[in-house]
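Q: kindly return the folded structure for what I paste below:
(2 chains)
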Protein chains: 2
Amino acid sequence: MAVKRRGRRPGPSGTREAIAQAARRQFSELGYDRATIRSVAGEAGVDPALVVHYYGSKQRLFLAAIELPFEVSELVERLESGPREQVGERVARFALEVLENPDARARWTGMIRAAASDPDAADILREVLTRRIFEPLAEALGSEDARLRANLASSQMVGLVMARYIIAVEPLASAVAETITSAIAPTLQRYLVGAL
Amino acid sequence: MAVKRRGRRPGPSGTREAIAQAARRQFSELGYDRATIRSVAGEAGVDPALVVHYYGSKQRLFLAAIELPFEVSELVERLESGPREQVGERVARFALEVLENPDARARWTGMIRAAASDPDAADILREVLTRRIFEPLAEALGSEDARLRANLASSQMVGLVMARYIIAVEPLASAVAETITSAIAPTLQRYLVGAL
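A: You can find the predicted model right below:
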């Protein structure tokens, strides 16, 4: 591991981050079920007790591992700003930018894989994607039925991640991001502010 | 089990069906990973060797468990027939009819849960949903890019199953079927025959 190669004992924040990195990789590749505090500790080269000390529980470790690399309130503001008739395109473009980044993609595929089989992970996905991103956005846009709209937009995004990155169905899996953006933007547009 | 309550030894087809039922329940509730030939045999009250005798492998048992309750070629014909501008609505209506039936819903949620964590199960979902249903439909409708269109329609359907039945996000999870049908019909319409 990088931490060891630097030839000095990592400080607490290095260890904490090494644990989070190991957790991110394991949740993404093994899924929520099969990744354990013990297996994450093993990969990070620390005692399981230290993982518990830093993160408390597997659910909290998972939340830390998938921590969003942006401030949610700023994101909502950024997506809302601009012509209302292009909000679907802004969301689609931003989502594809995030998902084309390998680290971010690993977080989202890990979260969605986990949510498919584990109720705790499903709680987290609901909270992050629907309540913290799409619901505030639909509300900021002044749409009626903001919660249902947020759910529908989430359903398309979760389905896209499943189809393109997890099930990897072709030609969707190999299509350039621009093709996907154009295809889903009108769907998101209608779900967020159009006629249901 | 019902088979035992009838007070006679089940014939081979009764046993076979008891195994398929146990498999359906276990794949749906435990996921593809955690359900095993042994655990299915245990629930069906038979020897694991008999499960292997009838089904060969876990992957084939899974395929049998999720066997579609309709003839796919007839389905495609039925969905294609009728006004072209209403094909999205026909697909959405049929899909919701299927998914509101508890047995059929268990098959689809089981298949999607499994596909999220297991590449073999992902192969099966790709094959069933995209290649056997949406691709022939998009081709029958004479759309260009039939395969990409089939992928996109699949992405919305998989996302809907995840959001409504697996992640169970509200108010989508409790909405009446008609609300969902109206919301997703225009999406399917555009993916299948509209402008991408």
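Q: low pLDDT regions in chain A?
A: A:1-12, A:67-70 (pLDDT under 70).
Q: packing partners of whatever helix or strand A:R78 lives in?
A: Assigned by DSSP states H and E, A:R78 falls within helix A:72-80. If contacts are counted by 3 or more Cβ pairs under 8 Å, 6 or more residues apart in numbering or on different chains; DSSP states H and E, helix A:72-80 sits against helix A:87-100, helix A:135-140. For every residue, glycine as well, the C-beta is placed using N, CA and C.
Q: quick one, which of those is nearest to A:G42?
A: Ranking the helices and strands packed on helix A:72-80 by proximity to A:G42 (Cβ to Cβ) places helix A:87-100 first, at 29.2 Å.
Q: can you give me the buried ones in the closest one?
A: A:V87, A:G88, A:E89, A:R90, A:V91, A:A92, A:R93, A:A95, A:L96, A:V98, A:L99 (16 or more other Cβ atoms under 10 Å in any protein chain shown).
Q: coming back round to it: can you redo the helices and strands packed on helix A:72-80 as a markdown table with distance to B:Q59?
A: Putting the helices and strands packed on helix A:72-80 into a markdown table (distance: least, Cβ to Cβ, whole Å) gives the following:
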| stretch | distance to B:Q59 |
| --- | --- |
| helix A:87-100 | 29 |
| helix A:135-140 | 39 |
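Q: could you point out which of those sits nearest B:M157?
A: Across the helices and strands packed on helix A:72-80, closest to B:M157 is helix A:87-100 (Cβ to Cβ), at 18.7 Å.
Q: what does the closest one rub up against?
A: Helix A:87-100 has contacts (Cβ atoms under 8 Å, 6 or more residues apart in numbering or on different chains) with A:75, A:78-80, A:82, A:104-105, A:108, A:137, A:141, A:153, A:157, A:160-161, A:164-165, A:177, A:180-182, A:184-193.
Q: now swap in stretch A:57-68 and tell me
A: Residues outside stretch A:57-68 that contact it (Cβ under 8 Å, 6+ apart) are A:19-20, A:23-24, A:27, A:32, A:35-37, A:40, A:51, A:55, A:107-108, A:110-111, A:114, A:120-121, A:124, A:128.
Q: ok now that stretch, how far from the chain's centre?
A: 11 Å (Cα atoms, centre = their mean, to the nearest Å).
Q: before we move on, what about stretch A:42-50?
A: With Cα atoms, centre = their mean, you get 25 Å for stretch A:42-50.
Q: okay, it in PDB with CA atoms only?
A: C-alpha atoms of stretch A:42-50 as PDB (Å, rounded to 0.1, in the frame of the first residue of the first chain):
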ATOM      1  CA  GLY A  42      -7.000  -6.900   6.600                       C
ATOM      2  CA  GLU A  43      -6.700  -5.000   3.400                       C
ATOM      3  CA  ALA A  44      -5.800  -1.700   5.200                       C
ATOM      4  CA  GLY A  45      -3.200  -3.600   7.300                       C
ATOM      5  CA  VAL A  46      -4.800  -2.500  10.600                       C
ATOM      6  CA  ASP A  47      -6.500  -4.200  13.500                       C
ATOM      7  CA  PRO A  48     -10.300  -4.600  13.200                       C
ATOM      8  CA  ALA A  49     -10.600  -2.800  16.500                       C
ATOM      9  CA  LEU A  50      -9.100   0.300  14.900                       C
END
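Q: give me the buried positions along that stretch.
A: A:E43, A:A44, A:V46, A:L50.
Q: phi, psi of the closest residue to A:T36 other than its chain neighbours?
A: Nearest residue to A:T36, sequence neighbours excluded (Cβ to Cβ, 6 or more residues apart in numbering or on different chains): A:K58, at 7.2 Å. When read as degrees, to the nearest 10, the backbone of A:K58 gives phi -60, psi -40.
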